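Chemist: Fold the stuff below for me.
(one chain, ligands or ions: 1)
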Amino acid sequence: MSQLKNDTFLRALLRQPTEYTPVWLMRQAGRYLPEYCETRKRAGNFMKLCMSPDLATEVTLQPLARFPLDAAILFSDILTVPDAMGLGLYFAEGEGPRFERPLRDEWEVRNLSVPDPMDKLRYVIDAVRQIRVALDGSVPLIGFSGSPFTLACYMIEGSGSSDWSKVKTMLYSRPELLHHILDVNAQAVAAYLNAQIEAGAQAVQIFDSWGGALGHRAYREFSLHYMKQVISLLKREHDGQKVPVIVFTKGGGLWLEAIVESGCDAIGLDWTVDLASARARVGHQVALQGNIDPSTLFGSPAVIAQETCAVLAEYGHGSGHVFNLGHGISQYTNPEHVALLVETVHRESRQYHAQ
Ligand SMILES: Cc1c2[nH]c(c1CCC(=O)O)Cc1[nH]c(c(CCC(=O)O)c1C)Cc1[nH]c(c(CCC(=O)O)c1C)Cc1[nH]c(c(C)c1CCC(=O)O)C2
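Modeler: Numbers count the residues shown, from 1 in each chain. Next comes the predicted model:
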């Protein structure tokens, strides 16, 4: 039996009946919350925030103190894994993530090794344990990792990119080198997620933010294949509870049937997909998570309520839907609009779950 006071999110992921549609938001702890900005200032910078289990716990709980969200997500970043591999992650003010030592030479690729999560990523694992204690069974905790391919994008490019030209150059000129990186990443991600699960993560999400930048054949060979490998290595049960796995490939809406084959329990969808047809395509095989356009939150309260209702209606009756944004929340979002969205999901979804 579950010790959780609210396990609606976990039940929805497993397509079991719920009373309403659960909701959480990608990047729910972040700069749109003044209290996050205050804690980040106190920490000095973003990495110090991630590396302090006390502060990571504090910011994980901030959105839950404001909104009745149905899940907490570990506060960390996907790029902690390549940092633990020795690439030297830093955040230049206002410029996003960068690596001091991106993978530029073949010997650097050949030297890559799988970091022991209990050593180099201990601060994340400690944060997971501490967050579980602080949550006190109120809602489940989501652990996460980047996908092997999305991590490789930053490791090769050294920063974000609009076209990932260094990654694609390697893909089409030295595919065996990219496969080697992806193989190491898949083992690293599996070990990292398993350590989070053992420390108390009750569901995990694999963020494949850049898989959608690939061609359809390349997506299967260089992104999906390695997520499948990760999933096959995961502990899917802990403390007698199933640990559902969510795969979120941004831009992956055309490939849902293939993503089902990864063995995931749920697929995260961006806002380009119509939930009704997505549901018809995946049938009863997986749950769906998403997918309102995060920019909707820039609209008026009336528009936010209307669009939220439209997304709920698109999924329709029955379980298997977790409401979320189609991507991370913008730093310019008004927190009052988030409150309205969460309230609307909880109130208006009940009609779709009537027994
Ligand atoms: C690609 C990616 C990254 N990080 C992440 C992804 C995958 C999801 C996605 O596609 O957005 C994942 C991530 N990053 C962060 C979380 C925290 C958990 C949550 O609340 O969802 C999660 C799940 C915190 C963060 N990660 C980052 C911030 C902003 C940092 C700050 O406070 O300055 C937060 C709250 C920094 C970060 N980290 C990354 C980028 C591109 C940036 C800069 C983006 C920006 O400036 O908005 C890499």
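Chemist: List the buried residues for stretch 324-343?
Modeler: 324, 325, 326, 327, 329, 333, 335, 337, 338, 340, 341, 342 (16 or more other CB atoms under 10 Å). Placement of C-beta: from N, CA and C, glycine included.
Chemist: next one: stretch 196-213
Modeler: So stretch 196-213, judged by 16+ other CB under 10 Å, has buried residues 196-213.
Chemist: Residue 307 contacts residue 297, doesn't it?
Modeler: No - the criterion here is CB atoms under 8 Å, and residue 307 misses it with residue 297 at 9.4 Å.
Chemist: picking that back up, so which of the buried residues of stretch 196-213 also contact the ligand?
Modeler: Checked against the ligand using CB under 6 Å from any ligand atom, those give the following subset in range: 207, 209.
Chemist: Next, residue 95: phi, psi?
Modeler: When read as degrees, to the nearest 10, the backbone of residue 95 gives phi -120, psi 0.
Chemist: ok, it - contacts?
Modeler: Neighbour list for residue 95: residue 159 [criterion: CB atoms under 8 Å, 6 or more residues apart in numbering].
Chemist: same thing but at 6 Å, please
Modeler: Not one residue lies near residue 95 by CB atoms under 6 Å, 6 or more residues apart in numbering.
Chemist: How about the one 5 residues further on?
Modeler: Taking CB under 6 Å, 6+ apart as the definition of contact, the neighbours of residue 100 are residue 88.
Chemist: Tell me the spacing between the residue of the chain found nearest the ligand and residue 151.
Modeler: The chain approaches the ligand most closely through residue 209 (3.1 Å), counting by CB to the nearest ligand atom. Look at residue 209 and residue 151: by CB to CB, to the nearest Å, they are 10 Å apart.
Chemist: do residue 42 as well
Modeler: Residue 42 is 29 Å from residue 151, where distance means CB to CB.
Chemist: More neighbours: which of these two?
Modeler: More neighbours surround residue 151 than the other of residue 42 and residue 151, with 29 against 12 (other CB atoms under 10 Å).
Chemist: Show the pLDDT at that one.
Modeler: Listed pLDDT for residue 151 reads 98.
Chemist: same thing with residue 1?
Modeler: Residue 1 carries a pLDDT value of 38.
Chemist: Give me every residue in the stretch 101-250 of the chain lying close to the ligand.
Modeler: By CB under 6 Å from any ligand atom, the part of the stretch 101-250 of the chain that sits against the ligand consists of 144, 160, 207, 209, 250.
Chemist: Same list (those) but as CSV, adding distance to residue 273 and secondary structure.
Modeler: What follows is these, written out as CSV (distance: CB to CB, whole Å; DSSP: H, G, I helix; E, B strand; the rest coil):
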residue, distance to residue 273, secondary structure
144, 21, strand
160, 24, coil
207, 17, strand
209, 16, coil
250, 11, coil
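Chemist: my guess is residue 272 meets residue 251, correct?
Modeler: No - using CB atoms under 6 Å, residue 272 is not in contact with residue 251, being 7.4 Å away.
Chemist: which residues make contact with stretch 240-256 from outside it?
Modeler: With CB under 6 Å, 6+ apart, stretch 240-256 has contacts from 13, 197, 203-209, 211-212, 227, 231, 236, 259, 262, 264-268, 270, 272-273, 278, 281-282, 289.
Chemist: from the chain's centre, how far out does stretch 207-224 sit?
Modeler: Distance, stretch centre to chain centre, for stretch 207-224: 16 Å (CA atoms, centre = their mean, to the nearest Å).
Chemist: which two in the residues of the stretch 101-250 of the chain next to the ligand are spaced the farthest apart?
Modeler: Within those, 144 and 160 form the most distant pair, 18.2 Å apart (CB to CB).
Chemist: Tell me which of those two has more neighbours.
Modeler: residue 144 (21 against 14).
Chemist: Tell me the spacing between the more buried one and residue 109.
Modeler: Per CB to CB, residue 144 is found 25 Å from residue 109.
Chemist: What of residue 272?
Modeler: 33 Å.
Chemist: of those two, who's got more company?
Modeler: residue 109 (19 against 14).
Chemist: Next up, the contacts around that one.
Modeler: 103, 177, 180, 181.
Chemist: excluding its backbone neighbours, what's nearest the second one?
Modeler: The reference is to residue 177. In space, and not counting its chain neighbours, residue 177 is closest to residue 109: 5.3 Å by CB to CB, 6 or more residues apart in numbering.
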